[in-house]
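Asker: Need coordinates for the below:
(2 chains)
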Amino acid sequence: VTGRFPASRPYTADAVADVQTKTRRRLHVLAAAMPVVVLGGLLLAPTASAGWFLPESGGSPNADGIRTLYILIAIIGLIIFVGVEGLLIYSMIRFRARKGRVAAQIHGNTQLEIGWTVGAAAILIFLTVFTFVLLDQIKNPARSEIDSNGQPVAAAHAQFASTDQPAPPGGNSLNIRVIGQQYSWNLQYPRIDDKRVYAYNTMYVPVGMTVTLDIESVDVAHSWWIPALGGKADAIPGYTNKLWFQIPVDAIPEGQDRVVYTGQCAELCGRNHANMLARVVGLRYDDWKAWYDRKAQELKQAQDAAAAERKKLESSEGQ
Amino acid sequence: VAAVSARPQIIAHEVDRPRRGWVQWLTTTDHKRIGILYLSTVLVFFVIGGVEALLMRIQLGTPDNTFLTPEKYNEILTMHGTTMIFLVIVPVWAGFANYFLPLMIGARDVAFPRLNAWSYWMYLFGGIALYASMFFTPPEAGWFSYVPLSLKEFTPSNGQEAWIYMVHLTGLSSILGAINFIATIHNMRAPGMGWGRMPLFVWTILIYAYLIILALTSLAATVTMLLLDRNAGTNFFDPNEGGSALLWQHLFWFFGHPEVYILVLPAFGVFSEILPVFARKPIFGYKAIAAATAGIAFLGMLVWAHHMFATPMSTVVLAFFMLSSFLIAVPTGVKIFNWVATLWRGTVEWTVPLLFSVGGIATFLMGGITGIFLAVFPVDWQLTDTYFVVAHFHYTAFGASAFAMVAALYYWFPKMSGRKMSEGLGRASFVLFFIGFHLTFLIQHSAGLDGMPRRIYEYSSASGWEAENLISSIGSWVLALGILLTVINLVRSLKHGVIAGPDPWKANTLEWFTTSPPPVNNFDVVPRVRSVEPMKDIRRQIERQTGVTQRFEAGKPMVRA
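Answerer: Modelled structure (predicted):
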């Protein structure tokens, strides 16, 4: 008694109703097509840049790895999306109630249900494998492309697997402490030639050098994030978080001396959370070394001046 | 149809003195009245939470806007999230379950009617505790109240205490309500209604109730620790005194992720009730859907740290939470396939409840797919705490829960009021609701990919996020208009709706066996249940006995000869 559809239409409805349903049906198809049209319009919008559809990248190999992973998931996700939404819209329209139609009284189909359960699981296993294939590139710091004197080094590949972020192979890297505080980033550089350098919010680094970050906080939770340089790392007081990046040597445009990447704090840290900005400036090694020396000099002068001022104050108070 | 009485019943030792006017609402222990109290309170908070969302969208509509101060923005952000989670979506299912769970299982009330009344009043007072702070200093540390920001040192105002008391009161309300639902479902089902014949909405409420008991008790302890840290000199969360700031995140999300399923499972139950009614076809894979519900709840307890992928964690932990999050996608996907298969080869009547259900499933699917991106932890490092996440959880929480609650409203309003809501106005509302939603949230994925973090009160015109935010803000008004139409429809239909009759949709479950609205005792006679769709059996039996085929057009009151 139940339902297969007659192989051919028309149904038994009279002519007037037929015209009406056709018009209504067209309207419904239009309505169903709306999201598709909107989506398509957005895709084709001339102003649309890569940032509308893909995560930012290009500043560091780990950001590129994340982007590759994102694209793979997006392709699988898009296929599932189009398939399932298509079936949903199709069954809404194709099986819409009309005179003469009878619903098939099906309670289920075990084989079909096992099939789609296994199918869904298989897709996810594939994604897991692919994630771990790319994980090394994203999580573990790459070998620096320049040595500690700024000279290019021969490319070599070392495989690293560890539960924590290892040191980059070759032992050549720049380690910066990033300390979040309401509402700025304190950047502590390593001592070079017994000079001490720190800065706020703008991080100058040499291109080609692997930069490892130790991310900390002195007050509330913050999150360090420069989108084009890879993922973010939360700065939680009492913990040290790790992140790394390596700006490619060729990232600096021809005829210019720097490349700038911007970002901002990504964890609600109080009323001025929106204004806790950060920048990373990539310089050629010699320019960077010059910046480092100049900055150390400035800081030393400022410190000496402050010390002298303090001394003066103390002696005047002592009188 | 046989009356069977060998099962627990509500027995009154004396007849209550009838009360009049508003007093009968204050003193009621009738599950239907309490359900209506819940739902009307939810509607008020839903409108308030929606207005808060609009204020934020106005602020973010243009760059460098000064419509809201940073302080006000953070307060509204906190109130919006807190309101929608604790005062709207959790209690809306308590409201619908209160009204319909006893009716659907053929009971005359819930197991503990007075406790039920207490649950409602604590929910109301929890909401009032939170909103009373509006007149002083509202909380501003976000609905997740991360420490150390929510500690006294950084948030000295007592708004944070108001937030904690709200969590305590509504949490106790939900826990007691959950105990009530569990006791009712286990003990008071109609004769013949075994576990395999229970309506799927009842299944999801059962699992919702168990999840509430597991998750909200944990949250109650967690916020108590915060209360003590703030006021009693303990240092659970203060890193300067040997506490741990990460501990809060783990404890909070240990509640927070089961909470997501508390919000969404009953929505799945609503879809699973409405689709078979309007496809005129049994639900596809009843057992698979019930099992998937239980599976999601179990796995939902094991995924909490996927909210914390950017915190310091080792690869093993990251991988565990990625895999457990993947696993949960399987039963969720199974449900979506089952719903599509339920429509397949049916005769689908495009009523407003069905449109909202299918719109909800279509929307939720997208939230599920973006969830896969976020479960892959390296990708999450890029996307977490951006507008991509805001879009993702609105596609799931709004896509499933809010679409489902509007679907449930249109579906069950005739039973509650005796009148139907207007289909025309409902369809218009659906179109605006659907388009408005996607206009608001689809583009937010792009804003996130383009580097826009969450919870910022302003952005500069140099950021390049103007187009995304403007489109989103325009969408929010379209969405608001859609909701407004449903509210107008609701108010109008109370007086002017078409008389519904007992079973306007020709539905499958027992609540349609009584009059609309049902009498105080619900059923004079409780029928014996022989399948998942007892009303179909009853109609078939009537046809057999009278020899008259019952013709009907769905959505119209049955023509009685």
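Asker: from the stretch 301-450 of chain B, which residue is nearest to chain A?
Answerer: Nearest residue of the stretch 301-450 of chain B to chain A: B:W381, at 2.4 Å (C-beta to the nearest C-beta). Just so you know, the C-beta spots here come from the backbone N, C-alpha and C atoms, and that holds for glycine as well.
Asker: got the contact list for the helix or strand hosting that residue?
Answerer: If you go by DSSP states H and E, B:W381 is part of helix B:377-383. By C-beta atoms under 8 Å, 6 or more residues apart in numbering or on different chains, the residues outside helix B:377-383 that reach it are A:55-56, A:63, A:65-66, A:69-70, A:73, A:131, A:134-135, A:138-139, A:227, A:230-233, B:306, B:309-310, B:318-319, B:321-322, B:373-374, B:389, B:448-449.
Asker: how near is the residue of the stretch 301-450 of chain B closest to chain A to A:G231?
Answerer: Remark: distance between B:W381 and A:G231 (C-beta to C-beta, to the nearest Å) = 2 Å.
Asker: Pop out the phi and psi values for B:G346.
Answerer: Taking degrees, to the nearest 10, you get phi -90, psi -170 for the backbone angles of B:G346.
Asker: Contact residues of the stretch 151-300 of chain A facing chain B?
Answerer: Within the stretch 151-300 of chain A, the positions lying close to chain B (C-beta under 8 Å from any C-beta of the partner chain) are A:162-164, A:182, A:219-221, A:223, A:225, A:227, A:230-234, A:236-242, A:263-275.
Asker: so of the residues you listed, which ones are in strands?
Answerer: Among those, the residues falling in strands (DSSP state E) are A:223, A:233-234, A:241-242, A:263-264.
Asker: Can you tell me which of those residues are buried?
Answerer: A:223, A:233-234, A:241, A:263-264 (16 or more other C-beta atoms under 10 Å in any protein chain shown).
Asker: got those as TSV, with distance to B:L200 and pLDDT columns?
Answerer: Shown next, in TSV, are these (distance: C-beta to C-beta, whole Å; pLDDT from 0 to 100):
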residue	distance to B:L200	pLDDT
A:S223	41	97
A:A233	43	95
A:D234	40	96
A:N241	44	94
A:G263	46	95
A:Q264	45	96
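Asker: For those residues, work out which two are farthest apart.
Answerer: Farthest pair in those (C-beta to C-beta) is A:N241 and A:Q264. Separation: 16.9 Å.
Asker: Poorly predicted segments of chain B, please.
Answerer: Within chain B, the stretches with pLDDT under 70 are B:1-16, B:549-561.
Asker: who touches the spatially most central residue of it in this structure?
Answerer: Residue closest to the mean C-alpha point of chain B, counted by C-alpha atoms, centre = their mean, is B:I89 at 3.5 Å. B:I89 is in contact with B:263, B:397, B:401-402, B:405, counting by C-beta under 8 Å, 6+ apart.
Asker: rerun that using 10 Å as the cut-off
Answerer: B:42, B:46, B:49, B:83, B:259, B:262-264, B:266-267, B:397-398, B:400-402, B:404-405 (C-beta atoms under 10 Å, 6 or more residues apart in numbering or on different chains).
Asker: Tell me where chain A has helices.
Answerer: Assigned by DSSP state H, the helices in chain A fall at A:15-44, A:61-94, A:110-139, A:285-318.
Asker: For the nearest residue to A:V218 once chain neighbours are set aside, give its distance to chain B.
Answerer: Among residues not flanking A:V218 along the chain, A:Q181 sits closest, at 5.0 Å (C-beta to C-beta, 6 or more residues apart in numbering or on different chains). Using C-beta to the nearest C-beta, to the nearest Å, A:Q181 is found at 12 Å from chain B.
Asker: Could you pull up the residues touching A:Q181?
Answerer: A:200, A:216-220, A:222, A:235, A:237, A:269, A:276.
Asker: same check, this time on B:L101
Answerer: B:31, B:35, B:94, B:107, B:110, B:180-181, B:184-185, B:188, B:199, B:201-202, B:205-206, B:209, B:511.
Asker: So which of these are in helices?
Answerer: Short answer: these in helices (DSSP H) are B:31, B:35, B:94, B:180-181, B:184-185, B:201-202, B:205-206, B:209.
Asker: Closest residue of chain A to chain B?
Answerer: Counting by C-beta to the nearest C-beta, chain A gets nearest chain B through A:G231, at 2.4 Å.
Asker: hang on, isn't that residue packed against A:G59?
Answerer: No - using C-beta atoms under 10 Å, A:G231 makes no contact with A:G59, being 12.0 Å away.
Asker: Name the residue in the two with the higher neighbour count.
Answerer: Neighbours around A:G231 and A:G59, counted as other C-beta atoms under 10 Å in any protein chain shown, are more numerous at A:G231. The numbers are 28 against 24.
Asker: confidence score at that one?
Answerer: What the model reports for A:G231 is a pLDDT of 89.
Asker: What's the separation between it and A:W244?
Answerer: Noted for A:G231: a distance of 10 Å to A:W244, by C-beta to C-beta.
Asker: Equivalent analysis for A:C265, please.
Answerer: A:C265 sits 19 Å away from A:W244, going by C-beta to C-beta.
Asker: Neighbour count: these two, which is higher?
Answerer: Using other C-beta under 10 Å as the criterion, A:C265 and A:W244 rank with A:C265 on top: 30 against 26.
Asker: Now do the same contact list for the residue lying closest to that one once chain neighbours are set aside.
Answerer: Ranked by C-beta to C-beta, 6+ apart and with sequence neighbours excluded, the top spatial neighbour of A:C265 is A:M276, at 3.7 Å. A:M276 makes contact with A:180-185, A:201, A:222-223, A:263-267, A:269-270, B:453, B:456, according to C-beta under 10 Å, 6+ apart.
Asker: If we use 8 Å, what do you get?
Answerer: So, once contact is read as C-beta under 8 Å, 6+ apart, A:M276 ends up touching A:180, A:182-185, A:222, A:264-265, A:269.
Asker: Kindly report the same for B:I262.
Answerer: Going by C-beta under 8 Å, 6+ apart, B:I262 touches B:90, B:93, B:208, B:211-212, B:215.
Asker: Ignoring the adjacent residues along the chain, who's closest to it?
Answerer: Per C-beta to C-beta, 6+ apart, closest to B:I262 is B:L211, 5.1 Å.
Asker: what about the one you found, which helix or strand?
Answerer: Applying DSSP H and E, one finds B:L211 within helix B:200-231.
Asker: Toward the C-terminus, what is the element adjacent to that helix?
Answerer: Counting by DSSP H and E, what follows helix B:200-231 is helix B:245-279.
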